[in-house]
Structure formats: structure tokens, C-alpha cells
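Engineer: Based on what follows, work out the 3D shape:
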Amino acid sequence: MPEFQPFVSPSENRPEFTLRAILLGSLFGIIFGAVTVYVGLRAGLTVAASIPIAVLSISILRVLGRASILENNIVQTTGNAGQSIAAGVIFTLPALIFLGFDLEYSRIFLLALIGGWLGVLFMIPLRRQLIVEEHGNLTYPEGTACADVLIAGERGGSLASRVFFGLGLGALYTLFQNENIFKAWPATPEYQPDFGPAHILKGASIKADATPEYLGVGYIIGPKVAGVLFAGGVFSWLVLMPLIYFFGKELPHPIYPGTVPIAQMGPSDLWATYIRPMGAGAVAAAGLITLLKTLPTILGALSSGFKNLRSKSAASAQPLRTENDLSMSVVIIGSILLVACMFFFLQFKPVPGAYVGWEANLAASLLVVVFGFLFVTVSSRIVGLIGSSANPISGMTIATLMATSAIFLVKGWTSPAFGALAITIGGVVCIAAANAGDTSQDLKTGYIVGSTPRLQQIALMIGVVVSTIAIGFTLNLMNTGLQEFRSASQPWSLTASHPGVAVQSDTRRLPEQFPVLGPGQTSTLHHRSEFVVLNALGSPELADGKYLYSPSTGRIEVQWIQGIGSEKAAAPQARLMATVINGILSRKLPWGLVMLGVFLVIAVELLGIRSLSFAVGAYLSIGTTLAIFVGGMVRWFIDQAAEKAGEGATESEISPGSLFASGLIAAGGIVGLLGVALKGYETTFDKGDILNFPHTFLDHTWVSVLAFAMLAYSLYYFARKPLKK
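Structural biologist: This is a model prediction of the structure:
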């Protein structure tokens, strides 16, 4: 086989690591990192950002003049770090909320920084083996597709216009649709069936979060995956929930883990109480099954990685430009410094209420190195075979958490504080593995186009730092901007024993004043000084979460619903991680529901269906999965039209439809985040509805359905319209 020749020869020195490339890449890292947090918390899915970034970079640098393909590659390398770091963060760190702790910006920032840099550093010694020597065996599909985009841009042709069309139309639609901005029509059209005196299908709900980002996600993942996701939602919302209501409506007392009788529950209550534990069990089982299926690949990756490290010969004094990596001394010294940084951070700034001592913190830092290098090696090789979208990051993280929690259990470290430490370890490992997978794709792109690896690795480090700043901010914004305070009056005694309920002394995250929603959506303003904060975790009396106790009335008066974990930002992977930790350390789980999810996944696997997509769909709100399914159906119609026209398989990462869908996702995420920020401002400062868009004839469910259908048609139209050459 002839030796591979990159697009830019090693002897050429084109502009590459320029100031404008780093600044533009950093801007994209912030934008796409924030968008990934927003979409990932809501949909439980993330979408690769390298191709949209490359397309936009080509267009922008072309306008600025004298653009180089190597510059464009540095832009997408720097910017893509934001998406991968965000994915690792949202899959794990929100579990701190579900374990009863607060999210702190400094903690998110430092753990994401450590995990992101470890992912880059551990990948450096693996680059030559995986990217160069196995060029014909490991295809790295996303990296190769991104290289194709960069080369097409260098040779001419316009791809960016289709992304900008999606951005513009998606932004305009979101301004009127988003419930935190103009809310001109219902954001989530819903129908709750209840037929006849027998109340047939009561407890079910059919609804769609009619957002452009879900439509775009559904189009990109395709009809098969979107259909399996929706099938999981149909099973939960149209089969299981009405079944729960049917059998439980006559029972006068609550059924654990519920705290009110089933007859008093609506669809959202049934989902939060009974479906989420079942869904967590399903996602855990599906993740482990996926991990077992990839075990041969994992063992092969480890074997090849260690063999490569043992046999690695000394590098030449002056390597070719395209073979110039950061030195091993940078890898070793950097890794030691990062682990030391993590130890001191855990020791001197522990999770509030979760101090565990130096011995446990040292063990945590060492476990991060062991599991981090293990799964960075695995992740980097797996994405070369099957792509980043199929990388079983959740399964690797579950394995890390199960091993860590088992060690803690043997040592007798079972208090809630050790749960916070376990998720810290799992979070850093998950972030490192996620970033290593995308780093591998970026380095593959660079290898094909002829970039300098050392400059790419430095750009990745910069991208990690810049995007992490935005990711922590966005995560906290989502949690506070989507939080609600609901009236939940019930008698309570602070002096009596309540297992699983503790008084939270730190109330700084409770707003100074806040509106409480009462019956009939009435709202009353209350002040922080009126209440004592209670934190419930595994209590037989209260559902998990935070409550506000009033000393003046001697009652719990308010349920403080965090934004993350609510139906609007379900964070299924993070909920799963908290479930795994709780199950091992506290052994307080609704095991009947969890095992129901496990055996549901086994049944789905026996049918020959990819269980992970089904399990995630069963956990998520049907509002999410139905909207994604619509996007998948648009893709199906496109495929059918192309087949009838004799065009063959026209859809790819750089097809007109995928580019337009990427614009829809970016638009929905950016404008949606602006809406969340506006809602947070209104709530924090009691400003009411600032925009105060008047209710008109548009405020009807049929308008919402029609508007979403028109947006779906625009996706179909632009997907069928050829790109200009």
C-alpha cells in the first residue's frame, strides 16, 4: 500500500496557529459548549459540533481574507473541545443535585478542566499508533468527514449558507415559540386522553416540545434511532403510566416511592415518581450491555495501547512538521500536576457538607489516573471503529462508579459525602474519555489535511479552558433559570426523627425573594428569611428534593424544584449515575422499579433492538422523544424522495439537510439559553413578565402544531434543495 500523503505537504508552512484562528475557535467553543449543555440536559443526547464549526469557519475566514485550510482546522479543533467537555459534564456532575448537594461554579470549572486536559494529555502518546500506524484500520468517521469539509472548502463551494438559513429561521421561530420569551403560542402542545366513565387511558399524555433543536437532532440521528427513542416514550407514557393509574387509582394510600395517592397524580407526577427510577434502571442495564458488547474492542484497545508504549522508540531530533507532538515530559509532568491539583482541591474545597478526609481524597485522585488512562485508551480506539456517537461513555462511567462505590463500600465509606466523592471521580473520568474520543477525531482530521499535531494539541488545551468557563455558567443558569417553587403544605416537626431528611444550613442558593405557585397557577411572593431548607434523599415521607419549612406555621409550605432534573431538563444520564451510587452505598432504592427497567431492556435486546436508545426514550418525557421523532420522519421522507429520484444515499454529515439541521440545533440552543437567562433574571429580581407579549388568536394548541409542521417542511425543503457549487 502506498504511503499516505496529507492534503498539505509536511514541507509546506501555511498559516496555522494564528491569533484569529484561536479567537474564532474559542468563540465557537463557548457557543457550542453552551448549546450542548442546553440540548443535552433536555434531550439526553449530544450532536457532534466539528462539522458545523468547520463550515462556519470556512465562510468567516474567507470573508476576512487569505484563509488557510490549516487555520480552519485549528478553529474547529479549538471549538470542538467545548462540545466534548460539555457532554462529559452533563452526563455526570448534575448527579450532585440528585444526591442532595449544590452545584458550584468553581467545582464544575476545575473538574471539567482536569478531565479535559487529562483526555488530551493521555491521548498524546497514543496518537502515532492510533492515527498514523492504523490509518487504514481505524477510520474515525467524524474526523474523516470533517477533513472532507475542510478540503471542499479549500477547493471552493458554499456550505455555510445552508447553516445560516437554519440559524436564522430557527432563531425567528424560537423567539415566538419559547415559553420564556414571547410565548406567542403554546411551547408544548399536549393532549391527555381520558375516555368514558371508565377513564380509559387516564394517566397518559401525548405532547411535543416543539423546538427546532429537537427537530434538528431527530433529522441528524435518522429515522431508525429516532423511532426507537420514541418507542421508549410510547411505552412509558401511553402504556405504563395509564397502567399504573388503572391499578392504583382505587388505593387510598401512596405507593412507594410516591408520597401522595396515585389517583391524585397527573401524568408529570407519574413520570417523576415511577417512570424515572424504572428508566434509570433501563439506562444502567443498557449501558452495561453496550459495554459488554464492546469488551473485545476494549481489550484490543488496551493491548494495542500498552504494546505501543512498551515498544515506542526514541523520536528523532527534528521530526517532520506533521509528526511533531508535544513531548512525553509534558504528558508526565502535566498529569502529575493535574492529579495534585485535584487532591488539593478535594482536600481544601470539598463539596459543602461532604468532607471525607485526606485518605479518601488521595484515593480519589489515584483512581482518576487509573480509570482515566484506561478509558481514554478505550475511548480513543472505539471512536476510530464506530464513531463518537456510538462511543459507550455512559457504560464506561457506570463501570467506574460501580468499581469506586464497591471500594468505598468495602472500606465502610457509605455516608452521602462519599457519594459526592464517587461522582467527582466518575465525572472527571467521563469528561476525560469524552474529550479523548473527540480529540482523536480532531487529530485524524489534522492528519488527513496535514496539520501540525503539536499545535492541534495546544489548541485543544486552550479550547478546554475557554469552553469550560461557559459550561459551568450555563449549567448553573439552567438549574436556577428553570427552577420552580410550588405550594406543598403539610405538617412537619423539626424535632422529630425523619430518616432521609436533613436541615440544609447553607441557604445562599435560595433566592432572596421568589414567587410560589399555588392552586390555579396563582403566585405569591415570599422571602428567604421565612423558611428553613430541608433536603430529602431516600425518605419514606418525602420525595427526593428540597423543601421549605416555615417555623411560623410548623409546616412544610413549599417544594423547591431544581431546574436540572425537572421535566424541562431531565438529565437522564446524570440521574442514572446518582441511582448507581445510591444503590451501592445507601442501598435505598425502589428496586422493584429499577429491576423492571433492567428486564425491559433485556426483552428489547432479545428483539434485536439497540436497547440504549430505547432505554433513554423510556426515561425521557414523551414531549422530547415525539419532537425528535418528527425530525427523524423528515429524514425518512428525504431518503424516500432521493430513492425515487434515483439519487441513491445522498444524506451525510455535509448534506444540505444535515447542515440546515445543525443550524436549527444551534439556533434553538442559543435563543433558548437567552430565554432561560431572561427567566432567571425575572425570577431573581421579581420583574414579572418583562416582554409581556399579548395573548392573541395565536395562543392555541393548533397554532403550535401548525407552526412546528411548517418548520418541519422548511427542513424538508432545504434538505432537497441542492447546495450551490
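Engineer: helix or strand right after the longest helix seen in the chain?
Structural biologist: The residue-count maximum for a helix in the chain (DSSP state H) belongs to helix 416-449. Sequence order places helix 453-481 as the next helix or strand after helix 416-449, per DSSP states H and E.
Engineer: What are the contacting residues of the helix or strand following that following helix?
Structural biologist: On the C-terminal side of helix 453-481, the closest following helix or strand by DSSP H and E is strand 484-491. For strand 484-491, the surrounding residues in contact (Cβ atoms under 8 Å, 6 or more residues apart in numbering) are 514-519, 526, 547-548, 554-561, 566. Where C-beta positions appear, they are placed from N, C-alpha and C, glycine not excepted.
Engineer: before we move on, back to that, relative to helix 453-481, how tilted is the longest helix of the chain?
Structural biologist: Angle of helix 416-449 versus helix 453-481, following axes from the mean of the first three to the mean of the last three Cα atoms, to 10 degrees, is 140 degrees.
Engineer: Relative to the whole chain's centre, how far out is helix 416-449?
Structural biologist: Its chain's C-alpha centre and that of helix 416-449 lie 13 Å apart, by Cα atoms, centre = their mean, to the nearest Å.
Engineer: for that helix, what is the average pLDDT?
Structural biologist: Mean pLDDT, taken over the full extent of helix 416-449, equals 91.
Engineer: for stretch 555-572, same thing?
Structural biologist: Averaging pLDDT residue by residue across stretch 555-572 gives 89.
Engineer: ok, now stretch 578-598?
Structural biologist: Stretch 578-598 comes out with an average pLDDT of 83.
Engineer: and what of stretch 343-361?
Structural biologist: 85.
Engineer: Buried residues of that stretch, list them for me.
Structural biologist: Residues of stretch 343-361 classed as buried: 343, 345-347, 350-354, 356, 360-361 (neighbour count, 16 or more other Cβ atoms under 10 Å).
Engineer: just curious, which of the residues you listed is nearest to residue 213?
Structural biologist: Nearest to residue 213 out of the buried residues of stretch 343-361 is residue 351 (Cβ to Cβ; 31.4 Å).
Engineer: dump the residue contacts of that closest one.
Structural biologist: 96, 101, 104, 107, 417, 420-421, 424.
Engineer: Just the ones in strands from the contacts of strand 484-491, please.
Structural biologist: Of the contacts of strand 484-491, the ones assigned to strands by DSSP state E are 514-517, 526, 547-548, 555-561.
Engineer: now those: which count as buried?
Structural biologist: 514-517, 526, 547-548, 556-561.
Engineer: returning to what we had before: out of the contacts of residue 351, which is nearest to residue 668?
Structural biologist: Set against residue 668, the nearest of those by Cβ to Cβ is residue 96 (26.7 Å).
Engineer: was I right about that closest one contacting residue 102?
Structural biologist: Yes. Counting by Cβ atoms under 8 Å, residue 96 sits close enough to residue 102 to count as a contact (7.3 Å).
Engineer: which stretches of the stretch 151-300 of the chain have low pLDDT?
Structural biologist: Along the stretch 151-300 of the chain, the parts satisfying pLDDT under 70 run over 155-160, 291, 294, 297-300.
Engineer: As a check, name the ranges of all helices in it.
Structural biologist: Assigned by DSSP state H, counting those that start in this stretch, the stretch 151-300 of the chain shows helices spanning 160-177, 212-234, 241-248, 267-270, 276-293, 295-311.
Engineer: could you pull out the strands for this structure?
Structural biologist: 190-191, 206-207, 484-491, 501-504, 513-517, 523-527, 532-536, 545-550, 555-561.
Engineer: Among the contacts of residue 351, which one sits closest to residue 610?
Structural biologist: When the contacts of residue 351 are ranked by distance to residue 610 (Cβ to Cβ), residue 96 comes first, at 29.6 Å.
Engineer: ok, residue 175 touching residue 181?
Structural biologist: Yes. Checked against Cβ under 8 Å, the pair residue 175 and residue 181 is within contact range at 5.6 Å.
Engineer: out of these two, which sits in the busier spot?
Structural biologist: More crowded of residue 175 and residue 181, by other Cβ atoms under 10 Å: residue 181, with 21 against 17.
Engineer: residues touching that one, list them.
Structural biologist: Residues near residue 181 by Cβ under 8 Å, 6+ apart: 174-175, 671, 674-675, 678, 691, 693.
Engineer: So among those residues, which ones count as buried?
Structural biologist: Going by neighbour count (16+ other Cβ under 10 Å), the contacts of residue 181 have 174-175, 671, 674-675, 678 buried.
Engineer: any chance of those in CSV, plus distance to residue 15?
Structural biologist: Converted to CSV, the buried ones among the contacts of residue 181 look like this (distance: Cβ to Cβ, whole Å):
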residue, distance to residue 15
174, 37
175, 38
671, 34
674, 34
675, 39
678, 40
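Engineer: So for residue 96 and residue 102, which residue has more residues nearby?
Structural biologist: residue 96 (25 against 19).
Engineer: Neighbours of residue 442, how many?
Structural biologist: Residues within reach of residue 442, counting by other Cβ under 10 Å, total 33.
Engineer: that older thread, of the buried ones among the contacts of residue 181, which is the nearest to residue 617?
Structural biologist: Among the buried ones among the contacts of residue 181, and counting by Cβ to Cβ, the member closest to residue 617 is residue 174, at 23.8 Å.
Engineer: any idea how far the nearest residue to that closest one once chain neighbours are set aside is from residue 211?
Structural biologist: Setting aside the residues directly before and after it, residue 174 is nearest to residue 671 in space (Cβ to Cβ, 6 or more residues apart in numbering), at 4.0 Å. For residue 671, the distance to residue 211 equals 10 Å [Cβ to Cβ, to the nearest Å].
Engineer: which residues do those two both contact?
Structural biologist: With Cβ under 8 Å, 6+ apart, residue 671 and residue 211 have common neighbours 174, 178.
Engineer: The nearest residue to residue 703 once chain neighbours are set aside and residue 707: what is the separation?
Structural biologist: Nearest residue to residue 703, sequence neighbours excluded (Cβ to Cβ, 6+ apart): residue 185, at 4.3 Å. Distance of residue 185 to residue 707, given as Cβ to Cβ: 6 Å.
Engineer: which one of those two has more residues nearby?
Structural biologist: Per other Cβ under 10 Å, whichever of residue 185 and residue 707 has more neighbours is residue 185, with 23 against 19.
Engineer: who touches that one in this structure?
Structural biologist: Applying Cβ under 8 Å, 6+ apart, the residues near residue 185 are 176-177, 698-700, 703-704, 707.
Engineer: Now with 6 Å, please.
Structural biologist: Residue 185 makes contacts with 698, 703-704, as judged by Cβ atoms under 6 Å, 6 or more residues apart in numbering.
Engineer: In TSV, list those residues along with distance to residue 139, neighbour count and pLDDT.
Structural biologist: Listed next are the contacts of residue 185 as TSV, based on distance: Cβ to Cβ, whole Å; neighbours: other Cβ atoms under 10 Å; pLDDT from 0 to 100:
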residue	distance to residue 139	neighbour count	pLDDT
698	48	17	86
703	46	17	94
704	42	21	96
